[in-house]
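# okay, here's the prediction I keep looking at, along with the sequence it came from:
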Amino acid sequence: DQQVKQNSPSLSVQEGRISILNCDYTNSMFDYFLWYKKYPAEGPTFLISISSIKDKNEDGRFTVFLNKSAKHLSLHIVPSQPGDSAVYFCAASAITEGGSEKLVFGKGTKLTVNP
Amino acid sequence: DVKVTQSSRYLVKRTGEKVFLECVQDMDHENMFWYRQDPGLGLRLIYFSYDVKMKEKGDIPEGYSVSREKKERFSLILESASTNQTSMYLCASSFIPGLAGGGIYNEQFFGPGTRLTVL
């Protein structure tokens, strides 16, 4: 059962426009969310995060919005640049049965920004 | 800067071989993780460790084992490699939330990955 869902496998936008990547989750116990960016042949790198006590977090061109009632979050990139072309993973922080913390990842969305 | 290194970027093994993937982090993190990434399936957690000699199964532990003898090093072992274990393997580390050096929640820092092909 997939607890973190990224329903769009790919997204293509023009340089300078807004990119919106979406993520839905099913577990209401999730209370911290992260976005990672991954280039081919590299490990994922942390991009931005948000706690469930907030509904928005901004860092430069990147903004994450959280709608707890809808169990939905989105990542906005404005303006989009060709270097933003990568796979973006949404992740939620979860507590395991043993009391440890782990991340549950979505399947990723491949963003292509066209010049 | 946090650095997570993995012993090999590319590895080719034969079916039935025993395979060791090594991961080292230099930030004194308590937690270490092994994932595999496959097209269309995202990142799936194989095993993780929250302390030396401690381990916990992730979502897909079958066919794998792990070893953590030192805090900075976490090894993933494929006892008898099979073709369905061909994948990108990613190691990550993080602090335990709330402990000294960490925040309430902690991001995971990833290594560059090992592309394993089993023939």
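Nice, thanks for sending it over. Residues are numbered from 1 along each chain as shown, chains lettered A, B, ... in the order given.

# the longest strand in chain B is where?
strand B:42-51 (DSSP state E).

# and chain A, by the same measure?
strand A:86-95.

# give me the angle between that strand and strand B:42-51.
Angle of strand A:86-95 versus strand B:42-51, following axes from the mean of the first three to the mean of the last three CA atoms, to 10 degrees, is 40 degrees.

# what does strand A:86-95 contact?
Identification of contacts with strand A:86-95 by CB atoms under 8 Å, 6 or more residues apart in numbering or on different chains yields A:3-4, A:6, A:21, A:23, A:25, A:27, A:29-39, A:44, A:47, A:73, A:75, A:101-106, A:108-111, B:42-43, B:105. (Glycine included, C-beta is placed from N, CA and C.)

# so which of those residues belong to strands?
Using DSSP E, the subset of the contacts of strand A:86-95 located in strands is A:4, A:21, A:23, A:25, A:32-38, A:47, A:73, A:75, A:101-105, A:109-111, B:42-43.

# what about the residue nearest to residue A:110 when sequence neighbours are not counted, how many neighbours?
Excluding the flanking residues, the one nearest residue A:110 by CB to CB, 6 or more residues apart in numbering or on different chains is residue A:10, at 4.5 Å. Residues lying near residue A:10 (other CB atoms under 10 Å in any protein chain shown) number 10.

# give me every residue that touches residue A:10.
So residue A:10 contacts A:109, A:110, A:111, A:112 (CB under 8 Å, 6+ apart).

# show the pLDDT at the third one.
The reference is to residue A:111. On the pLDDT scale, residue A:111 is placed at 98.

# what about it, neighbour count?
Neighbourhood size, residue A:111 [other CB under 10 Å]: 22.

# please apply the same query to the one 3 residues further on.
Using other CB under 10 Å, residue A:114 is surrounded by 11 other residues.

# what sits against it?
A:12, A:13, A:14, A:15, A:82.

# is the third one in contact with residue A:80, as I believe?
To tie it back to what came earlier, the one meant is residue A:14. Yes. With contacts counted by CB atoms under 8 Å, residue A:14 reaches residue A:80, the gap being 7.5 Å.
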